[in-house]
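> Just to be clear, the model below is a prediction. Sequence and coordinates:
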Amino acid sequence: MSRARTIAPWWWRVLLLAALWIGCWAPAARAHDVAGELRLHAFAKAQDGQLQVVLRVPLELLLNVDLPKRGNGYLDLARVDEALPRALRAAAKDIEFLADGRRLELGRGQARIALPSDRSFESFDQALAAVRNQRLPSSTDVYWNQGYFDAVLEYPLATASMDFAIDFHVAPGLRDRLKLDLRYITPAGDVRAFELVTGEGVVSLDPRWFQAAGTFVQSGLHHILGGADHLLFLLCLVLPFGRFGWPLVGVVSAFTVAHSITLLGAAFGWLPAAAAFPLLVEVLIAASILYMAVENLLGPRLQARWLLTVVFGLVHGFGFAFGLATELQFAGSHLVVSLLAFNVGIELGQLLVLALAWPVLAWARARLGSHERWLTVVASAFIAHEAWHWLSERFTQLARADWRELLEAFWPQGAAAALLLVAALLALAALRRQQAALPTVRTSD
Amino acid sequence: MKPSRLLFGAVVAASFAGLISWQYDAEANRQPPRFSVDANWPKPLPNNWLVGQVAGVAVDRHDRIWIVQRQSTLTADERGSDPAPGNPRRSDCCNRAPAVLVFDREGTLLKSWGGAADPDFLTTRCNPAMGCEWPTNEHGIYVDHMDYVYIAGNGGGNHQVLKFSNDGNFIYQIGKAGLTGGSNNTNGSPNGTPLLGQPADMEVDPLTNELYIADGYQNKRVLVVDAATGLYKRHWGAYGNVPDDTNPGPYDPNAPVAQQFRNPVHCVRIANDGLVYVCDRVNNRYQIFQKDGTFVREAFLERDTLGNGSMWDIDLSPDPEQTELYNADGENNKLWVFHRATDRVIDSFGRNGRSAGQFHWVHNLAVDSRGNIYTAEVDTGKRAQKFTRRNQGYSSVR
């Protein structure tokens, strides 16, 4: 994603400085500060040869537009229309829309002041009608920083069908304390919801499948490379394998298939709702690393490793899913492609790590000669040590959670799914035993 | 293990999975709501600040938690580094916090203002010349649908409700400090607003922009004024009667049910379905009215409770039906959970004590959009606590 390059106007910079000041002195924050998180709301829809954007900005953010006031701090609504165009231009400058990669020029705009209790931003049509047709009587008391600046921004379009993107960079210094809730209405009428953090760069509103795929491959790569626990688990899996061969491929594939199942399942909403579930998954991930490391130390059973890998892989898949949850808004209409791409990113990351680690391991084994097992022992001991710390830290977090809520969240779907998994594994094991018990048929000489 | 046994195990496990899914009935498994105290809420205050009695708590439409606290109730040792004029500094702890403190759900302080501990506040932002008489004993806080903040007072001569902007700029005052006119006064204040009698609590009806006042420690009525101007609209007493200020004497659980409110009329809450709940604290009951004052019904709680009574403050669960009603009971020091439609007690939690999750004079409570409950304690309680909601309970809170 490209970064915003527009230079912030002076009044946003003043706001940014104010925000930095607040950041330094937040605990002692006082009147006129931006307290906590601020949210802007917007709808965007392309129709009648233009992109229509309906925007709602908290008045707190218009600190320096200097809207006219009366009495003890109320906006002077009789004179406010003179100042609204300035606010409108400022908003359009820092919330930019792009079509086919080009920044759109603002055609027409219309603005109004709304009460904090105004509920018209429930839908695009409602918001559009309100901004166009509803004006507060000039006698209305609107406190100067308690209410909204609402605007309709209209951008003429060159062609009917265009790829839209947004660059939201209002007071970028506020980072995740300033967010834009954007609902983009596609030509098909679908509503796509985005939660954008200021200064994040250009975000495509309707990505093509390859754009979504690219974004998510990147995201998957970042996720696996940034997740030390997943990588250490992978390392533990492969450490005892002396040679590159089918058993090793089988174990890595089992991990991949298993975590893909839960990752895809979670993306489609098959996740327990309990707030403590992510904590439980984190604990189980740490436990999986510890178990693998200890098994490596005590003597790994490589033939059966794939089975455990499947179980632990399912858990790691949930872990990946938590990383994906906030990203799915950027998938557009390509949810499945994006999920697969995220998975591809993870697999690429895994392969990259293995490709780097394997030669080092092979070299170390060659140096150790008949003592090559020491490599597994020493590396697993260090990993076990780290995993133990993770486990105890994460368990402390989990212990504070409500167990009953967790159990309720798992009941009944979780319990049924777990039993089905047990059934499937038992059936698989039975099949393998059956095959192993068959007499070997020898061909005659 | 033989393959046949493994297969048998697989079939058994699969059968149980099917049985569990088939048998489960979510409705039949409804549990009472569960809460757990968040001992880390709020986070430590900056500036060596300490709060006194926390007389009110409210949650605004942004899920920010507002408390009003009484800096005047800090003892000399509690304000050791911020002593009263003429007294020497006696220790490192502590400084008085401003009266109004605003937190997010995680307990981070977002802003603060008001009262004698806020430098220059009582000289430049709220002074009698402006018509703003800050109470000597703050009591109750409310933030309305337009982010305006209301504060009441119940100290001697505190017969006023103050309205402020969100960041503490004075808007107007209802009533007049030191002046009271009984439970049927409608416009006796110099600015034309009704005279109050040590008001306790208030809430704005967002549909009509009317301010309902629980009035109070001296008057025996619910008073409704225009929230934009503070001017009188209507009022009523217990059962919707004209209020009568005759002293009914102390509460007697064996006596016939009182036909008037006893002091204090301690809370007023408006439900989504238009019902108005009023805490008749010492009579151990809440009464429910239509918005025009028509009596609907009443519910009693722990009727043998003497002293300060059991019905201190009410708030409702955030589901659209507002299925659960919560009451802070500062005499028995419990939080009671009612099923609102039936006025039946579902559960209670808490006990008298100083540990996290226990209460001493739990005075007010408020509920955020996620169903978490925030409590405020007075007397020597002097703290606010958060109780995190842990399950769905009877409501549709998730």
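Arrived safely.
> what residue ranges in the chain score low on pLDDT?
Using chain A. For chain A, applying pLDDT under 70 flags the ranges A:1-35, A:160-161, A:273, A:402-406, A:408-413, A:437-445.
> look at chain B instead
Using pLDDT under 70, chain B drops low at B:1-3, B:19-30, B:392-398.
> Please, where are all the helices along it?
Ranges of helices in chain B, per DSSP state H, are B:3-23.
> Could you export stretch B:360-380 as PDB, CA atoms only?
Extracted as PDB, the C-alpha positions of stretch B:360-380 are listed here (Å, rounded to 0.1, in the frame of the first residue of the first chain):
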ATOM      1  CA  HIS B 360     -19.200   0.000  51.900                       C
ATOM      2  CA  TRP B 361     -22.200   2.300  51.300                       C
ATOM      3  CA  VAL B 362     -22.400   1.500  47.600                       C
ATOM      4  CA  HIS B 363     -24.200   4.600  46.500                       C
ATOM      5  CA  ASN B 364     -24.600   4.700  42.700                       C
ATOM      6  CA  LEU B 365     -24.200   2.500  39.800                       C
ATOM      7  CA  ALA B 366     -24.100   2.700  36.000                       C
ATOM      8  CA  VAL B 367     -23.900   0.200  33.200                       C
ATOM      9  CA  ASP B 368     -22.000   0.500  29.900                       C
ATOM     10  CA  SER B 369     -23.000  -0.700  26.500                       C
ATOM     11  CA  ARG B 370     -21.300  -4.100  27.100                       C
ATOM     12  CA  GLY B 371     -23.200  -4.700  30.300                       C
ATOM     13  CA  ASN B 372     -20.300  -3.900  32.600                       C
ATOM     14  CA  ILE B 373     -21.400  -2.300  35.900                       C
ATOM     15  CA  TYR B 374     -19.500   0.600  37.600                       C
ATOM     16  CA  THR B 375     -20.200   1.400  41.200                       C
ATOM     17  CA  ALA B 376     -19.500   4.400  43.500                       C
ATOM     18  CA  GLU B 377     -19.100   4.200  47.200                       C
ATOM     19  CA  VAL B 378     -19.500   6.900  49.900                       C
ATOM     20  CA  ASP B 379     -19.000   7.300  53.600                       C
ATOM     21  CA  THR B 380     -15.600   5.700  54.200                       C
END
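> Which positions in it come out as buried?
By 16 or more other Cβ atoms under 10 Å in any protein chain shown, the buried positions in stretch B:360-380 come out as B:360-368, B:371-378. Backbone N, C-alpha and C define where each C-beta goes, glycine included.
> And the residue of the stretch 251-398 of chain B closest to chain A?
residue B:390 (4.3 Å; Cβ to the nearest Cβ).
> Isn't that residue up against residue B:32?
No - between residue B:390 and residue B:32 there is no contact under Cβ atoms under 8 Å: 10.8 Å.
> more neighbours, the two?
Per other Cβ atoms under 10 Å in any protein chain shown, whichever of residue B:390 and residue B:32 has more neighbours is residue B:390, with 22 against 14.
> The stretch 51-200 of chain A against chain B: which residues are in contact?
Proximity of the stretch 51-200 of chain A to chain B is confined to A:72, A:73, A:115, A:116, A:117, A:141, A:143, A:145, A:146, A:147 under the rule Cβ under 8 Å from any Cβ of the partner chain.
> May I have the residues that are in contact with the second one?
Under the criterion of Cβ atoms under 8 Å, 6 or more residues apart in numbering or on different chains, the contact partners of residue A:73 comprise A:143, A:144, B:165, B:169.
> Apart from its neighbours in sequence, what residue is nearest residue B:352?
residue B:333 (4.1 Å; Cβ to Cβ, 6 or more residues apart in numbering or on different chains).
> How many residues are close by that neighbour?
For residue B:333, using other Cβ under 10 Å, the count is 18.
> what are the phi and psi values for the most centrally placed residue in chain A?
What sits nearest the mean C-alpha location of chain A, by Cα atoms, centre = their mean, is residue A:326, with 2.5 Å. Note on residue A:326: its backbone torsions stand at phi -80, psi -10 [degrees, to the nearest 10].
> how about stretch B:262-271: buried residues?
B:262, B:263, B:264, B:265, B:266, B:267, B:268, B:269, B:270.
> Among those residues, name the ones in strands.
B:265, B:266, B:267, B:268, B:269, B:270 (DSSP state E).
> which of the residues you listed are close to chain A?
Near chain A, judged by Cβ under 8 Å from any Cβ, there are no entries from those.
> and those residues as TSV, adding distance to residue A:310?
Listed next are those as TSV, based on distance: Cβ to Cβ, whole Å:
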residue	distance to residue A:310
B:265	65
B:266	61
B:267	57
B:268	60
B:269	54
B:270	56
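> Show me where chain A has its strands.
A:38-47, A:50-58, A:69-70, A:74-75, A:95-99, A:102-103, A:108-114, A:148-156, A:164-168, A:178-185, A:191-197, A:202-204.
> give me the number of residues near residue B:253?
Using other Cβ under 10 Å, residue B:253 is surrounded by 12 other residues.
> Which helix runs longest in chain A?
helix A:335-368.
> List the buried residues of it.
A:337-343, A:345-350, A:353-354, A:361, A:365.
> Send me stretch A:179-197 as CSV with only the CA atoms.
Presented in CSV, the C-alpha positions along stretch A:179-197 are these (Å, rounded to 0.1, in the frame of the first residue of the first chain):
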residue,chain,number,x,y,z
LYS,A,179,-10.6,6.3,13.2
LEU,A,180,-12.9,6.5,10.2
ASP,A,181,-15.8,4.2,10.0
LEU,A,182,-16.4,4.0,6.3
ARG,A,183,-19.3,2.1,4.6
TYR,A,184,-18.7,1.7,0.9
ILE,A,185,-21.8,0.8,-1.2
THR,A,186,-20.7,-1.2,-4.2
PRO,A,187,-22.4,-0.9,-7.6
ALA,A,188,-24.2,-4.2,-6.7
GLY,A,189,-25.6,-2.6,-3.6
ASP,A,190,-23.4,-4.5,-1.1
VAL,A,191,-22.2,-2.6,1.9
ARG,A,192,-18.6,-3.0,2.8
ALA,A,193,-17.5,-1.8,6.2
PHE,A,194,-14.0,-0.4,6.9
GLU,A,195,-12.4,0.8,10.1
LEU,A,196,-9.5,2.9,9.0
VAL,A,197,-6.8,4.4,11.2
